[in-house]
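Peer 1: Got a sequence here, can you model it:
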Amino acid sequence: MEKLGILPEEIDLVFLSHAHKDHTGGLDALLEQNSKIEVWLPEFFSSSFKDAIRTKGARVVEVEKFQEICPGAYTTGIIPGWIKEQSLILDTDKGIILITGCAHPRITNIITKVKDLLIKDINMVFGGFHLGAFHENEINEIIDHFRKSGVKKVGPCHCSGDEARKLFAEEYKDDFIEIGAGKEIKVQ
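Peer 2: Numbers count the residues shown, from 1 in each chain. This next block holds a predicted model:
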């Protein structure tokens, strides 16, 4: 954050998809810098995790179902799967932007849920697609689901796997966006 010029005191909200350490590990250090943050997390996070956030002075918002976070931003609510999680939805004038954590409940299920919730086109899907162990034919079926669902741009990262990133890049060409920590993405 320091290298990117992001000031901790300017952050007012943190959104956590699920309780894995690689998604929650930096929160403690952030709350040391700014304890006035609102932390949106699925209600199934442990009591000790939530209590630690409250002890630092931050507000915990426990999520169960689809709801508005602030104008134009929503949580999918908890999506069931072998590991439950929530995803972030941004409703822009260019269409929906869906940001996933790891997509443990399956990326196709998350896309279907978002389309059912908002009945709008999905402009972009970014985040972990959790396809690291999938075979090429399975990944191509998932890419087909993205296309049939009208997803215009993709940015698989984190747990998506190298093969999935390669196949999405081949399919989406100029609409494939390399993403990672610190990347700024312009909505077009």
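Peer 1: which stretches of this structure form helices?
Peer 2: 21-24, 27-33, 47-55, 107-118, 136-148, 162-172 (DSSP state H).
Peer 1: With mean pLDDT added, can I get those helices in TSV?
Peer 2: Listed next are these as TSV, based on pLDDT from 0 to 100:
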stretch	mean pLDDT
helix 21-24	84
helix 27-33	95
helix 47-55	97
helix 107-118	96
helix 136-148	97
helix 162-172	97
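Peer 1: Distance to I69 and mean neighbour count for those - can I get that in TSV?
Peer 2: For the C-beta atoms, the positions are set from N, CA and C on the backbone; glycine is no exception. Shown next, in TSV, are the helices of the chain (distance: least, C-beta to C-beta, whole Å; neighbours: other C-beta atoms under 10 Å):
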stretch	distance to I69	mean neighbour count
helix 21-24	17	14
helix 27-33	17	14
helix 47-55	17	13
helix 107-118	14	18
helix 136-148	25	15
helix 162-172	27	17
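Peer 1: what's the weakest-modelled helix or strand in this structure?
Peer 2: helix 21-24 (a mean of 84; mean pLDDT, DSSP states H and E).
Peer 1: Need the pLDDT of D93.
Peer 2: pLDDT, D93: 91.
Peer 1: Just the CA atoms of stretch 101-112, as CSV, please.
Peer 2: Output of stretch 101-112 as CSV, limited to C-alpha atoms (Å, rounded to 0.1, in the frame of the first residue of the first chain):
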residue,chain,number,x,y,z
GLY,A,101,-12.1,-14.5,-3.7
CYS,A,102,-11.3,-18.1,-4.7
ALA,A,103,-14.7,-19.2,-6.2
HIS,A,104,-14.7,-22.3,-4.1
PRO,A,105,-18.4,-22.7,-4.8
ARG,A,106,-17.5,-22.9,-8.5
ILE,A,107,-17.1,-19.8,-10.7
THR,A,108,-20.0,-20.9,-12.9
ASN,A,109,-22.4,-21.1,-9.9
ILE,A,110,-21.3,-17.6,-8.8
ILE,A,111,-21.9,-16.1,-12.3
THR,A,112,-25.3,-17.8,-12.5
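Peer 1: before we move on, the earlier item: which other residues reach the least confident helix or strand of the chain?
Peer 2: Applying C-beta atoms under 8 Å, 6 or more residues apart in numbering, the contact partners of helix 21-24 are 16-17, 49, 101-102.
Peer 1: likewise stretch 133-151?
Peer 2: Applying C-beta under 8 Å, 6+ apart, the contact partners of stretch 133-151 are 107-108, 111-112, 115, 121-125, 129, 131, 154, 161, 163-164, 167-168, 171.
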